[in-house]
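Colleague: Provided below are the primary sequence and the corresponding predicted coordinates.
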Amino acid sequence: MDKMPAWADAILVPLISILLAAILSALVILAIGEDPIEAVKLMVTGALGSSYGWGFTLYYATNFLFTGLAFAVASHAGLFNIGSEGQAMIGGLGVAIICLFIPWTHWALALPAAILGAAALGALWAQIPGWLQAKRGSHIVITTIMFNFIAAAVLNYVLVNILRPEGSMDPATAKFPEGAHLPTLHEILAPIGINFSKAAPANVSLFVALLACVGVWVLIWRTKLGYEIRALGHSESASRYAGIPPTKIVVIAMLISGGLAGCMAINNVMGEAERLVLTATEGAGFIGIAVALMGRNHPVGIFFAAILFGFLYQGGAELALWTSIPRELILVIQALVILFTGALDNMVRMPLERVFLALRRRDAS
C-alpha cells in the first residue's frame, strides 16, 4: 500500500514545497528592506497581467517543457540526464543548418524539417553518453555533464569559424531567411480577433511543445516501449528477467531524451532569435531538471511546472527592472523553488507520509 494517496504526492507535496520557498523568499526580501507583498504583486502583474507578460512567460515555459520532458523520459529509464543543455545547443546547430542552407518559402514547410534537424542532432549528442552507459558502464551523470562543456566548445568553434557571416564580429549565424521565420502568437491569434502583444516572443513552437507532452504520455504509458522503459527504471534485474534488453532500452531512452532537448531550439533559435547565437540555451536545460522533478516526471505536471518557472523568469525580470531588488536575488528566489521542490523534497514528503499513515491507522481502528 502507498504511504500516501497519489493526489497528495502529485499536488500537495509540490504545493507545500512552493509555499515554503515563497515564505523563505519573502523573508529574504524583507531583510533587504523591500515589501514582499508588493514584490509578489509586481511579479504577477509583469508575468500574467498583460499579453506582453504572458508572451514572455509562455516563451520561457516552452523551453522548459522540452527540457523537462527530455529529463522525464530518461528518468523513467532510471537515467539522470543532466545533458539537456548541451543537447539543446547541438539541436540549435541542426536548426541553423536546416534554415540557412535550404531556401524555404513558408514556415509550415521549414518547421517540420527544423524539428527533424534539431531532434536528430540532439539525439545523436545524447546517444554517445547513452551508449557509454549501456556498453561501458560509464556513469550517465558524469558523461552528460562533460558533454555539456564539449557542446559549448563545439558550438563556439562552429559559430566563430564556420557559420559566422564574413565581416561580422558577433559569434552568431546570419539571420534566417523570411521563409524560415515562425509566426508569433500575435500573428496566429490576430485573424480570430484576439489582440496579443506584437513584442512578445511566444510563437507556434508552444503548440509543438504541447504535442510533445501528449506524445510523451502516449509513449510512456500506452506503448510496449514505454512499459519497457519504466520497467528498466524500476528494476534492471527484474526487467532483464522479463526479457527486456537493458542496453537497447538505455540507448533508445537517451535518443528520445536528447531529441526532445534538441527540439527546444525551434523555440529560442528559430522562433525568437531567428538565428543561432552562442548563448541561445540560457540555462534552460538545467531548469528542465527542476521542472521534471516538480512535475513528477508526468507531462501534465511538467506543463504546470514549466508555467510556474516561466512565471518566475518573467516576473523576476520585472522585479529587477522596477525595484531595487538585485537580479542576483531573483536567481536566489528561483534557486529556493528548485531547492525545495527537488533536493529537499523528502523534507516535505516524509512528514506527510507519517500524517497519512496515522490517518489510516485511526480509520482502521
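Modeller: Perfect, I can see it now.

Colleague: And the helices in the stretch 201-350 of the chain?
Modeller: Per DSSP state H, counting those that start in this stretch, the stretch 201-350 of the chain carries helices over the ranges 205-222, 224-234, 236-241, 246-262, 265, 284-294, 299-322, 327-338, 345-364.

Colleague: Kindly provide the distance from the nearest residue to R230 once chain neighbours are set aside to C263.
Modeller: Closest residue to R230 apart from its sequence neighbours, by Cβ to Cβ, 6 or more residues apart in numbering: H76 at 5.3 Å. Where C-beta positions appear, they are placed from N, C-alpha and C, glycine not excepted. Going from H76 to C263 by Cβ to Cβ, to the nearest Å gives 18 Å.

Colleague: Those two: who's more crowded?
Modeller: Applying other Cβ atoms under 10 Å to H76 and C263 shows that C263 carries more neighbours, namely 31 against 23.

Colleague: I'd say that one and A212 touch.
Modeller: Yes. Shown here, C263 and A212 form a contact pair, counting by Cβ atoms under 8 Å, at 6.8 Å.

Colleague: overlap in contacts of these two?
Modeller: The contact sets of C263 and A212 overlap at F66 (Cβ atoms under 8 Å, 6 or more residues apart in numbering).

Colleague: What helices and strands are in contact with the helix or strand M43 falls within?
Modeller: Assigned by DSSP states H and E, M43 falls within helix 36-48. Using 3 or more Cβ pairs under 8 Å, 6 or more residues apart in numbering; DSSP states H and E, the elements in contact with helix 36-48 are helix 13-31, helix 51-76, helix 299-322.

Colleague: Repeat the analysis, applying 10 Å as the threshold.
Modeller: Helix 36-48 is packed against helix 13-31, helix 51-76, helix 299-322, helix 327-338, with contacts defined by 3 or more Cβ pairs under 10 Å, 6 or more residues apart in numbering; DSSP states H and E.

Colleague: possible to save the helices of the stretch 201-350 of the chain as TSV with mean neighbour count?
Modeller: Output for those, formatted as TSV (neighbours: other Cβ atoms under 10 Å):
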stretch	mean neighbour count
helix 205-222	17
helix 224-234	18
helix 236-241	13
helix 246-262	25
helix 265	34
helix 284-294	26
helix 299-322	21
helix 327-338	18
helix 345-364	12
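
Colleague: what's the closest of these to L121?
Modeller: helix 246-262 (5.8 Å; Cβ to Cβ).

Colleague: after the closest one, next one along is what?
Modeller: Counting by DSSP H and E, the element after helix 246-262 in chain order, helix or strand, is helix 265.
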